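> Give me coordinates for this.
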Amino acid sequence: MAKRDFYEVLGVSKSATKDEIRSAYRKLAKKYHPDINHDPDAPKMFEEVQEAYDVLSDDSKRRQYDQFGMAAFEQGASTGGSGNPFGGAGFSSAGFGDIDLGDIFSSFFGGGARRQARKASTAPEKGENKFTRIRISFMDAVLGTKIKLNVSYDEPCEHCHGTGAENPSDIDTCPQCGGSGVVMSQQRTIFGVMQSQSVCPHCGGTGKIVRNKCHLCGGEGYSHVRKDIPVNVPAGIASGQQIRVAGKGERGRNGGPNGDLFVEVLVAEHPYFKRNGNDVHLEVPLSFVSCALGTSIDVPTVYGEVSVNIPEGTQPDQILKIKGRGIKDLRTGVPGDEYLHIKVQTPTKLSKAQKQLLNEFQANSKGESAYEKWKARFQA
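Residues are numbered from 1 along each chain as shown. The predicted structure follows:
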C-alpha cells in the first residue's frame, strides 16, 4: 500500500518552516499517541506522523524526499548520480536475491563503475522523545505547583560518561572498517565484479572498539535508573498543555544526548469556578430583595475574597466583571477577569407577614406589571 505524502500527513505546505513542522508534529503526536488515544488505528497513525517528522525535520532527508519522493527511502533506492532508473527496490526483490540490478546495469553499461558506499551514521544522535500525563487540581493549575514525577530512563554512566570504556585511551578505531561503521564486500557475477556494503560485524556499526570496558556499566555506557524528578508546573497552565523535561527521554545513539520527556497536564474541574481562557466565571445566588435594593457582598475569587457592590435594580442572569481577578497568562503573567453571573433566588416559603408586605408592594406598584407589558406586545 502506497504511503501518504509526508507533508499531507503533518498537514503542512511544502514551504513550511522547521518551526511549523515541529508544531504540527507535536499536535498530531499528542492526538494519536497510544497512551492518550485508544482508537485501534491510533498506533498506526502515530507511527505515520513520527516517520513524516523524522524525514521533514532533517534538512538532508527533506532535500532527498523533495527530489525523489518516497523512493529516496525505500530499500535499495539510490539518490546518487542523475537519478538511476534501475536503482529501485522493486528490482532487488524480483527473484534476484540480494543482487541490486542498479549495480548490475551500472557495471554493464558503465564499464565496471561502482556506486559510492554510504557510510553508517557514527555521529552522535539525540534520542527519541517520550510522553506521559499527570493530573492536577484546578487551583494547582491556577497558582502553580511543584510535583515529583517517578520516571525510568537511561542516564550516561557516571564513570565512563557514555563511552563504555574504562579510560579514554581504551577506545580504538575499528581496524576492520577504519571507523566508517560499514564494510564492503565483492561478488563476481556474469556482469562483472559487484560491490555491496553492510554494517561492520566487528564494531556493530559504531566505528570504534573498546579494549577495556568500564567496570561500572560493563561497557554499556549507561545505566537504567528510576528516579523522582522534580517538575515545576507554572501558574496559569491549561488542561492539555505540555511541560518539557529535558534529557529524560529515550537514550541517544553513539554518545548522543537523551531525548526529552513531554508531560501533558490534565486539570480537574472545580465545583464552582469555570475557566474560559484566562477568565473565570462564577454563579452568585442573591435574593430578589438584594438585587432590587442593591447590596455589598464578599465574593470568592481564585486569589481570595473581594468586596463587590451589587447595583440597585440588578436583573436575573446579569453579569458583573471583577477586573484582574482571573488566571494569569502563562507567558505574559497578565491576569484575566472574573465574571459574576447573578442568579436570583425566589423564596419557596413565605411567612404571613412577608406575604402581606409583598401584596402591599404589588398594590402600590405604579402602572402595568412587567407581565402585562410583555403580553400587550402580542396584541399590538
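> can you pull out the helices in the protein?
According to DSSP state H, the chain carries its helices in the segments 6-10, 18-32, 42-56, 59-68, 89-92, 101-110, 138-143, 288-293, 352-364, 370-379.
> got TSV for these, with distance to Arg188 and mean pLDDT too?
Heads up, the C-betas are built off the backbone N, CA and C, glycines and all. As requested, the helices of the chain are arranged in TSV below (distance: least, Cβ to Cβ, whole Å; pLDDT from 0 to 100):
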stretch	distance to Arg188	mean pLDDT
helix 6-10	40	89
helix 18-32	46	87
helix 42-56	37	87
helix 59-68	31	82
helix 89-92	18	39
helix 101-110	11	41
helix 138-143	70	97
helix 288-293	99	93
helix 352-364	111	89
helix 370-379	101	82
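> what's the weakest-modelled helix or strand in the protein?
Lowest by mean pLDDT, DSSP states H and E among the helices and strands of the chain is helix 89-92, with a mean of 39.
> which stretches of this protein have low pLDDT?
1-2, 68, 71-122, 189-192, 380 (pLDDT under 70).
> quick revisit: so which of the helices of the chain comes closest to Val280?
In terms of Cβ to Cβ, the element of those nearest to Val280 is helix 138-143, at 8.3 Å.
> Show me what that closest one is packed against.
Secondary-structure packing of helix 138-143 (3 or more Cβ pairs under 8 Å, 6 or more residues apart in numbering; DSSP states H and E): strand 261-267.
> what's the spacing between the strand it packs on and its chain's center?
9 Å (Cα atoms, centre = their mean, to the nearest Å).
> Start at 214, not 1
Shifting the count to begin at 214 puts that one at strand 474-480.
> tell me which residues in it are buried?
474-478, 480 (16 or more other Cβ atoms under 10 Å).
> picking up where we left off before, now tabulate the helices of the chain in a markdown table and tack on mean neighbour count.
Shown next, in a markdown table, are the helices of the chain (neighbours: other Cβ atoms under 10 Å):
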| stretch | mean neighbour count |
| --- | --- |
| helix 219-223 | 19 |
| helix 231-245 | 16 |
| helix 255-269 | 18 |
| helix 272-281 | 14 |
| helix 302-305 | 16 |
| helix 314-323 | 18 |
| helix 351-356 | 19 |
| helix 501-506 | 15 |
| helix 565-577 | 10 |
| helix 583-592 | 8 |
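> Nearest to Val412, out of those helices?
Checking the helices of the chain against Val412 by Cβ to Cβ gives helix 302-305 as the closest, at 17.6 Å.
> the strands in the stretch 414-563 of the chain, which residues?
Counting by DSSP state E, counting those that start in this stretch, the stretch 414-563 of the chain has strands at residues 421-423, 435-446, 455-458, 474-480, 487-489, 492-500, 508-514, 517-523, 532-535, 551-558.
> Paired strands for the last one, with orientation please.
It refers to strand 551-558. strand 492-500 (parallel), strand 532-535 (antiparallel) (DSSP bridges).
> With distance to Pro381 as extra columns, can I get the strands of the stretch 414-563 of the chain in JSON lines?
As requested, the strands of the stretch 414-563 of the chain are exported to JSON lines (distance: least, Cβ to Cβ, whole Å):
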{"stretch": "strand 421-423", "distance to Pro381": "11"}
{"stretch": "strand 435-446", "distance to Pro381": "17"}
{"stretch": "strand 455-458", "distance to Pro381": "30"}
{"stretch": "strand 474-480", "distance to Pro381": "30"}
{"stretch": "strand 487-489", "distance to Pro381": "55"}
{"stretch": "strand 492-500", "distance to Pro381": "58"}
{"stretch": "strand 508-514", "distance to Pro381": "60"}
{"stretch": "strand 517-523", "distance to Pro381": "59"}
{"stretch": "strand 532-535", "distance to Pro381": "64"}
{"stretch": "strand 551-558", "distance to Pro381": "61"}
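> which one of those strands lies closest to Pro414?
Among these, strand 421-423 comes nearest to Pro414, with 12.1 Å by Cβ to Cβ.
> Counting by contacts, list what that closest one packs against.
For strand 421-423, the packing partners by 3+ Cβ pairs under 8 Å, 6+ apart come out as strand 384-386.
> Okay, buried residues for the strand it packs on please.
In strand 384-386, residues buried by neighbour count (16+ other Cβ under 10 Å) are Ile384.
> That strand pairs with which strands, and in what direction?
Paired strands of strand 384-386, with direction, are strand 421-423 (antiparallel) (DSSP bridges).
> Pull the residues that contact the partner strand.
Strand 421-423 is contacted from outside by 335, 376-378, 383-388, 392, 415-416, 432, using Cβ atoms under 8 Å, 6 or more residues apart in numbering.
> Spatially, what comes nearest to Met407 if we skip its sequence neighbours?
Leaving aside its sequence neighbours, Met407 sits nearest to Gln400 (Cβ to Cβ, 6 or more residues apart in numbering; 4.7 Å).
> show me the residues around the one you found that make contact.
Per Cβ under 8 Å, 6+ apart, neighbours of Gln400: 312, 406-409.
> Dump these into TSV; add distance to Asp441 and neighbour count as well.
Listed next are the contacts of Gln400 as TSV, based on distance: Cβ to Cβ, whole Å; neighbours: other Cβ atoms under 10 Å:
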residue	distance to Asp441	neighbour count
Ile312	55	16
Val406	60	11
Met407	56	19
Gln408	54	17
Ser409	50	16
